[in-house]
Each structure stands twice: as structure tokens, then as C-alpha cells.
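Asker: Compute the structure for the input listed below.
(2 chains)
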Amino acid sequence: MTHIIHLHTFNELATLERLLRVTRHRGFQVNSMNVTTSQNQQELEITLSVDSQRPVQLLFNQLGKIHNVHSVQVFEQHPTLIPIKGHQSNMR
Amino acid sequence: MNGAQLLIKLLQQQGIKQLFGYPGGAIMPVYDALLDSGIEHLMCRHEQGAGFAALGYARSKQSVGVCLATSGPGATNLITALADAQFDSVPMIAICGQVPMSSIGTDAFQEIDVLGLSLSVTKHSFLVTDANDLNRIVPEAFELAASGKPGPVLIDIPKDVQCQNVSYQPYLKSAPVVKPIEHQSIKQIIELVEQASRPLFYLGGGIAIAQATNFLRELMDATLIPCVSTLKALGIVPCDHSLNLGMLGMHGNPAANNAVQSCDLLIAVGARFDDRVTGKLDSFAPHAKVIHFDIDEAEIGKRRAVDVAILGDLSIHLKQLTTLLISKQIKLDLIEWHSQVKLLKEHHSFIKQTQNNLADIQQNIPSREQKQDIFAPDLLRQLSSKLSSTLDKKHIIATDVGQHQMWVAQHMQFSEPFQLLTSGGLGTMGFGLPAAIGAQLAQPDRAVVLVTGDGSIMMNIQELATIKRAKLPLKILLFDNQRLGMVRQWQQLFFEERYSQVQLEDNPDFVALAAAFGIKGERIVDQEQVPDALERLLNSTDAYLLHVIIDQGENVWPLVPPNQSIDQMMESLS
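Answerer: Numbers count the residues shown, from 1 in each chain, chains lettered A, B, ... in the order given. I've put the predicted structure just below:
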């Protein structure tokens, strides 16, 4: 099943590596990825399209634990994206 | 002030008094700054030893452990210890030297991408590219390591950053967010508890980590709900408590496993439904509704769907729940369940496993004179009894990984959290010796006994030199069956007795080896030697190694075979 994941992260060293490592390790395949840097270069907006037979909750929870990640949202693949989960980190 | 001196100042601000490590080229400025700091440093004989010593120190002191290593091989040698800390939620800081910034990415001497290597074995990791950032990164790393679900954090510092001129800047610590249990969840918990006729607590290591042991005990007293424990939770409820059914899981007590399979409400507290606990997952606790208390949202529903999830600090939530249950004067009718629990405890004793061990050995070597053999479970019960009667109950038992680890969990008595220091999640052979060193440094007035095996101890045997260096009175009990016993047991049971690479007949003379490191010791081979030898071990004011020869055919019983439900336990070979 395909899911779209929007992440808002701090722009720090190895942020993308962390996200991709967790995504692979938890059993999700990345189909596409889009990254934009905020104007002040401090933050990243990332959109991942992932495939897996595993429940997306597993990946959602693990991505939310990454220190650099500020927020995670998961959408079901649909002509109009439907948000199904949202997470806001309270780490900082 | 340079970056290295600032790092030391920031460690002092965190209250760090003890470091473990091994110097090398890329971390020399830090070691230079350390000389004038007053912080103690124990040099181990391998960075993995330093990592495990820091882990043992952290666990036993209930604080953050810190280890140092140089770049390249120094850093890679730390990786296993970091993975162990990650699995078992131990707060640790690993500080690695790195080649200068201009050399990163050039395949320089002793250069490795430590940040990349650390991603899967740490809670977080930092590469410091400007020494001024240390003012933020060090306190942030400590906060991360110790908060929420604790874990290891790595700080990689290039050598030129260590030498960079810098000034101290104070860091404003963020206040922790405290959330009580929401009203709706409380209502759901009370409903489930009141509806249940066979409720059961499933206790995990997270309780002790959250310093919630006393609240859990109060909650048990208030509800009289029985409990089972994971390996990491042994001691949270004293083993002689009438409602404690003991350890559950693959080598758990059949009483505990049967109780889980019978219960109609399982209250998991700081536990994660690990595969060694659940056996065949879809038949685990088949009749039970589940309430799950945990600090980590990712553990909720990961392996078992739950009916109610309570996320957050256990010390707050358990206290809140106990207060509420007492104030509401909720009385549970558990008379029948208590009778069943009592029967389970009476019918399933680990003592009879010793008889099964004996039967195994007789089957293997029928002509052998049996009455003289030393049986590991018997010896451990004697050790436990002596520790409880001759010393205060605050002793610490460290283990390595393998059969001896399970015998310790089954046959020794634990009455306090953190009394058992063991590698649970990662299951690392070689953990025990350096971790015990860290524990002894953290608790110099407590007896620390390492129980290990002939396979495990060889994995970090060089740390015998560290015991001597630190003049630690560490006691080592080494079971020697000249085998990788757990692997041999599985080959016996599940690979048609095709024994592959498990023979260790070429072990060194361990007593002579200990003597070469300046550590006294003796070897015993006969059951009659055990009581006096244990006396000498425990009464020694210096480090002491007791080398115990056991039969290669001893097995760990009972055992849940792979992919079986946890009440389908093998209890002997026949």
C-alpha cells in the first residue's frame, strides 16, 4: 500500500540519512522524495511516497522519534490527499 | 580555552565524575584537558570494554555513563556497546575524536564516518563542526540520553574543533513536559480492571528506569493483582512475593507463562512484548484484553494490539492510578484467581529443573559417576543464599550471555531493581566483565559478582587487566563446560545433534590466566568443593576468580521451542 508522508524537520547533519535509514529498516520502500529548504536554511520540508505491506503506524511512530523531526503527517494515496495521522514533536 | 577544555567543563557541569575510555591520536586534546580536570578516568584495554564499563556504571549508578574513544577503530569498537545501550535503554554519552574537518571525506588515517555508523545504534548523534556548538550540544546530548526512553548519544569531535579557541556560553535547559493520565483513559482502565476476573501485571525494565518501582509495588498492594516479570524487570517485585509468578518467556517459569495464557486482562508496564517473551505472537495471552503503559509511543501496538494505551512517565502515571484506585475504594474479587496463582507457583518450581539437568547428563554419559558433578543451578542457589545471608541484599549480579545468564535469571533471588546487570535486548557475549567493572566502580561498597561462561568471558578477557588497574574487589564465577552451551543445546534439540563449531576444549587455563593478570583464583570440579569455594570467593577482599567445571551436557530448562506458544514448554530431553 502506498502512503504519502510529510515531514517538517530541522536542517541538521544527516537528517535525510536518518529518515531514509528508518524507512528502510522498518520495511518501507521509498518511491519518491521531495525536499525543500526553508528560506532561513534552518528547516526542511520533506515529502516521501512509500510502499509497504506493513501498517504505516509503525513507520509514523518511528519517524516521530527522530530528534531532528519536528512534525510528521501521513496521508493515504488518493486523488486528494487525506490526512490520517499527525504528530508534533515536543523535543524542542 | 579550547574546545577540549570546554568539553571537560561541560561534562563537569553535568556532574560527571567518572569516565571510561582509551586514548588515541584524534582525541589527544581531550585527554590533555582531562589531566587538569579532577574527573576520574578508567582506561580499559579495548574501547568495547570502555563502552560496556560506562554502561554498567550508568545502570548501577542510575545516571549517565560517559566513554571516550579516538577516531576510526576506536569509534567502531564502541558500536556494540552503543547498540546494547540502545536496546536496553541505558543513558550513555560516547565522545569520539575525529580527524580534522579538512580531512573528513579524504580517507585519512583512522578516518571513518562515525556519524553514519552511529545512526542505527544511538538515540541521536552529533558531529561538532564548530567548538562554540559544544555549549549547546553537550547539555542537549545529556538531556536526550536521560529523558523519555533513555539511550545512547554520540558526539563526534574533529581534532581541530577540539583545539579551536572558544568561550563558555550557558545553555537554557527546556522544562520537561508532564502529562497526567487523561480522565477518559482512567475510566477505561477502571472498567477493564473491574470486569476482569484474572488480571495480571506484565512488568518490564521500564519501571525501574522510570524510578517507578515503589509506585508499582503500591499499585500491586492496592489491587492484589499478580505479576510476571521480564528478564530486565527481575527484582522490581521481590521474588518471594506471594503474587509474583516470576520470569515469563522462552526460559521463563512455567507458572508465569501459564498465568499469562490464562489471564483475561494483561497490564503491560514498561514492557515491549519482545519475541523472547511472547513466543508465538498470535497465541500469546489469547484471552486477554491489554492495557499498555509505556513512555515510547512506538511500542504501543507494535507487536500486540492494545485496548488502552497510557503514554508517558510511569512514575507519574502509576502513582496517579494507585491514588485514584485507593480513593475510589475499588475492591476486586480475585479469590479464585489467587488460588489458581498459588497452585501454579506450587506446581512449577525451578528446583525440579536441576533434576532434568541431571537426567540429561546421565543420558549423555550413562557410565559416569554422577554424585560428584557440579550442577550450575544448584551452585547459583547456594550463591544466592549466601549473598542474602552473609551480605546485605544490595549486591549486584552481572552476567554475560548464554546458558549461565538464564540459570541466573531462573535460580537467583532478586529483591531490588538493577540488582541484575545483563544484556537483555542485544544479548551481547562479552558484556559481563566490563559491565561488572563499571558497576563495581559505581557501587564500591556493594558486592559485585560476575557470573559468566567460558565462551563469553573470552570475548573481553583483556579487561582482567582493568580490574587489576582499578584495584576492584570484583568476584568472578566462571562456568566452564568447554562449549558454547546455548548453541550446543539448540543444535542438540533442533539440529539433530549435529554439533557445529561449539567445542571449546582448547580453552586456556583460566586460573593461570587470571594469575597472569594478578588475580587470585581456584578451580573446582566436585560438588563437595562448592560451599567452601563460594566462601573464599565472597570473602576475598581482592578480585577473585572461581572456575567451575560443569558437564557439557547441562541444559537450560524449561524452554519454549521456536514458534510455539509460551505454555508449550519443553522441560527435559525426553
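Asker: Could you give the backbone dihedrals for A:I5?
Answerer: Backbone geometry at A:I5, expressed as degrees, to the nearest 10, gives phi -120, psi 120.
Asker: repeat for B:V548
Answerer: Torsion angles, degrees, to the nearest 10, at B:V548: phi -110, psi 120.
Asker: can you check B:V487 too?
Answerer: phi -70, psi -40.
Asker: Would you check that it makes contact with B:V502?
Answerer: Yes: using Cβ atoms under 8 Å, B:V487 is in contact with B:V502, at 5.0 Å. Every residue, glycine included, has its C-beta placed from N, CA and C.
Asker: what residue of the chain is the furthest out?
Answerer: Went with chain A since none was named. Largest separation from the mean C-alpha position in chain A: A:N40, at 20.9 Å (Cα atoms, centre = their mean).
Asker: nope, chain B please
Answerer: For chain B, the C-alpha farthest from the mean C-alpha position belongs to B:N165; by Cα atoms, centre = their mean, that distance is 40.6 Å.
Asker: quick check, B:S102 in a helix?
Answerer: Yes: judged by DSSP: H, G, I helix; E, B strand; the rest coil, B:S102 forms part of a helix.
Asker: Can you say which helix or strand has whatever residue of chain A ends up closest to chain B in it?
Answerer: Scanning chain A for proximity to chain B using Cβ to the nearest Cβ identifies A:N61 as nearest, at 3.7 Å. Secondary structure assigned from DSSP states H and E places A:N61 in helix A:56-64.
Asker: Check which helices and strands that helix is in contact with.
Answerer: In terms of contacts (3 or more Cβ pairs under 8 Å, 6 or more residues apart in numbering or on different chains; DSSP states H and E), helix A:56-64 is packed against strand A:2-10, helix A:15-25, strand A:69-76, strand A:82-88.
Asker: what distance separates the start and the end of stretch B:282-300?
Answerer: Start to finish, the residues bounding stretch B:282-300 are 16 Å apart (Cα to Cα, to the nearest Å).
Asker: tell me the contacts of the residue positioned nearest the centre of chain B?
Answerer: Nearest residue to the geometric centre of chain B (Cα atoms, centre = their mean): B:T422, 3.3 Å. Counting by Cβ atoms under 8 Å, 6 or more residues apart in numbering or on different chains, B:T422 touches B:L231, B:K232, B:A398, B:T399, B:V401, B:Q405, B:V408, B:A409, B:F431, B:G432.
Asker: Quick check: the gap between it and B:K394.
Answerer: 17 Å (Cβ to Cβ, to the nearest Å).
Asker: Now do B:M429, the pLDDT please.
Answerer: The confidence metric pLDDT takes the value 98 at B:M429.
Asker: That one - nearest residue in space that isn't next to it in sequence?
Answerer: B:S456 (4.3 Å; Cβ to Cβ, 6 or more residues apart in numbering or on different chains).
Asker: Check the burial of the residue lying closest to A:I4 once chain neighbours are set aside by counting its neighbours.
Answerer: Spatially, and ignoring its direct neighbours in sequence, A:I4 is nearest to A:F75 (4.3 Å; Cβ to Cβ, 6+ apart). Neighbours of A:F75 under the rule other Cβ atoms under 10 Å in any protein chain shown: 19.
Asker: Go ahead and measure how far the host helix or strand of B:K187 is from the middle of the chain.
Answerer: Assigned by DSSP H and E, B:K187 falls within helix B:183-195. How far helix B:183-195 lies from its chain's middle: 33 Å, per Cα atoms, centre = their mean, to the nearest Å.
Asker: so how many other residues sit close to A:I5?
Answerer: By other Cβ under 10 Å, 23 other residues sit near A:I5.
Asker: does the nearest residue to it once chain neighbours are set aside sit in a helix, a strand or a coil?
Answerer: Sequence neighbours aside, A:L48 is the residue nearest to A:I5 in space, at 4.5 Å (criterion: Cβ to Cβ, 6+ apart). The three-state assignment at A:L48 reads strand, by three-state DSSP.
Asker: hmm, stretch B:118-127 touching chain A?
Answerer: Yes: part of stretch B:118-127 sits near chain A under the criterion Cβ under 8 Å from any Cβ of the partner chain, namely B:L119, B:S120, B:K123, B:H124, B:S125, B:F126, B:L127.
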